[in-house]
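Student: Structure, please.
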Amino acid sequence: MSADPETPLRADAQRNRDQIIAAARVIFASHGPEVPMEEIARAAGVGVGTLYRRFPDRDALIRAVAVDNFAGVLDNAKRLSVEAPSAWEALVQLLYHGAELQLSMQLAMLSQRAHEILKDDPEVAHLREAVLLEVDDLVVRAQAEGALRKDVGAGDVAVLFARIVRQLPAHRLKTPELATARSIAIMIDGLRAGPVTPLPGRPLGKDDLI
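Tutor: Coordinates of the predicted model:
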């Protein structure tokens with residue numbers, strides 16, 4: 001049985017939990033959420049029994065990783081919104097340094113199992129909406145700056161990023177970081193304001209994502 005998430009954990013128990021989530025995040029990002037629990041425990045440096053005491057099943061671990069991840073993305077988006085010299089630069093940095101964003105997209109949009117687990121979870125839904133609101137705000141502000149093309153919305157940005165991270169599993173690329181960085185650079189050039197090919201239909205907003 002897992003510990004009540006509202007009950008403070010002892011220092012060693014909290015450390016084990018953090019190690020498990022960190023290991024699961026890396027493994028989920030590179031191989032998806034179906035990796036054997038034993039492999040996650042080994043990567044975290046804990047026993048399988050310890051893993052199951054913290055997370056009684058895979059669904060509980062996927063949810064914990066998603067909550068932790070979305071919270072990290074939200075914190076980063078808020079920080080960039082304040083600290084970056086412009087909304088466009090904040091959006092660019094969010095995409096370039098988006099390891100957490102990448103995993104959030106994989107869990108929320110690309111993995112059918114994870115999607116089924118997370119779609120009705122209220123905490124995940126709240127965090128996901130908060131992230132999309134931050135992205136939507138950056139999109140609107142970057143368009144007002146004249147840096148981002150006018151015919152895209154936050155939904156377009158989310159779908160583009162999801163398409164990039166879906167392109168090939170990391171273990172099938174010799175240099176996955178370089179491949180992702182190049183893909184994001186190409187995407188960012190396509191988002192810049194300037195002479196562009198008109199897009200079909202209307203901009204996709206955050207409410208177009210399900």
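
Student: so what's the closest residue in space to Ser81 that isn't next to it in sequence up against?
Tutor: Distances taken as Cβ to Cβ, 6 or more residues apart in numbering place Ala90 nearest to Ser81, at 5.4 Å, with adjacent residues excluded. C-beta here means a position set from N, CA and C on the backbone, and glycine is covered the same way. Applying Cβ atoms under 8 Å, 6 or more residues apart in numbering, we find Ala90 in contact with Ala77, Leu80, Ser81, Glu83, Ala84, Leu138, Ala142.

Student: For Leu94, see how far away the third one is.
Tutor: Ser81 sits 9 Å away from Leu94, going by Cβ to Cβ, to the nearest Å.

Student: Repeat that for the fifth one.
Tutor: Going from Ala84 to Leu94 by Cβ to Cβ gives 9 Å.

Student: Which residue of the two possesses the greater neighbour count?
Tutor: Leu94 (24 against 16; other Cβ atoms under 10 Å).

Student: burial of Leu209, as a residue count?
Tutor: Neighbours of Leu209 using other Cβ under 10 Å come to 16.

Student: you'd agree it is up against Val135?
Tutor: No: using Cβ atoms under 8 Å, Leu209 is not in contact with Val135, being 10.6 Å away.

Student: Please enumerate the shared neighbours of the two.
Tutor: Counting by Cβ under 8 Å, 6+ apart, the common neighbours of Leu209 and Val135 are Ala158.

Student: what's the weakest-modelled helix or strand in this protein?
Tutor: Counting by mean pLDDT, DSSP states H and E, the weakest-scoring helix or strand in the chain turns out to be helix 99-105, with a mean of 60.

Student: Dihedrals phi and psi, Leu209?
Tutor: In terms of degrees, to the nearest 10, the main-chain angles of Leu209 are phi -90, psi 140.

Student: my bad, Gly201
Tutor: phi 70, psi -150.

Student: Roughly how far does it sit from Val157?
Tutor: Here the criterion is Cβ to Cβ. By it, Gly201 lies 16 Å from Val157.

Student: Looking at those two, which one has more neighbours?
Tutor: Val157 (25 against 6).

Student: right, and the helix or strand after the helix or strand harbouring that one?
Tutor: Element membership of Val157 [criterion: DSSP states H and E] is helix 154-165. Scanning forward in sequence from helix 154-165 by DSSP H and E, the next helix or strand is helix 176-191.

Student: now for that following helix, which elements pack on it?
Tutor: helix 87-96, helix 154-165 (3 or more Cβ pairs under 8 Å, 6 or more residues apart in numbering; DSSP states H and E).

Student: between the ones you listed, which has the poorest average model confidence?
Tutor: Mean pLDDT is lowest for helix 154-165 among the helices and strands packed on helix 176-191, at a mean of 81.

Student: can you pull the buried residues of it?
Tutor: Neighbour counts over helix 154-165 (16 or more other Cβ atoms under 10 Å) mark Ala154, Gly155, Asp156, Val157, Ala158, Val159, Leu160, Phe161, Ala162, Ile164, Val165 as buried.

Student: Contacts for stretch 39-58, please.
Tutor: 1-3, 13, 16-17, 19-20, 22-24, 26-27, 33, 37-38, 61, 64.
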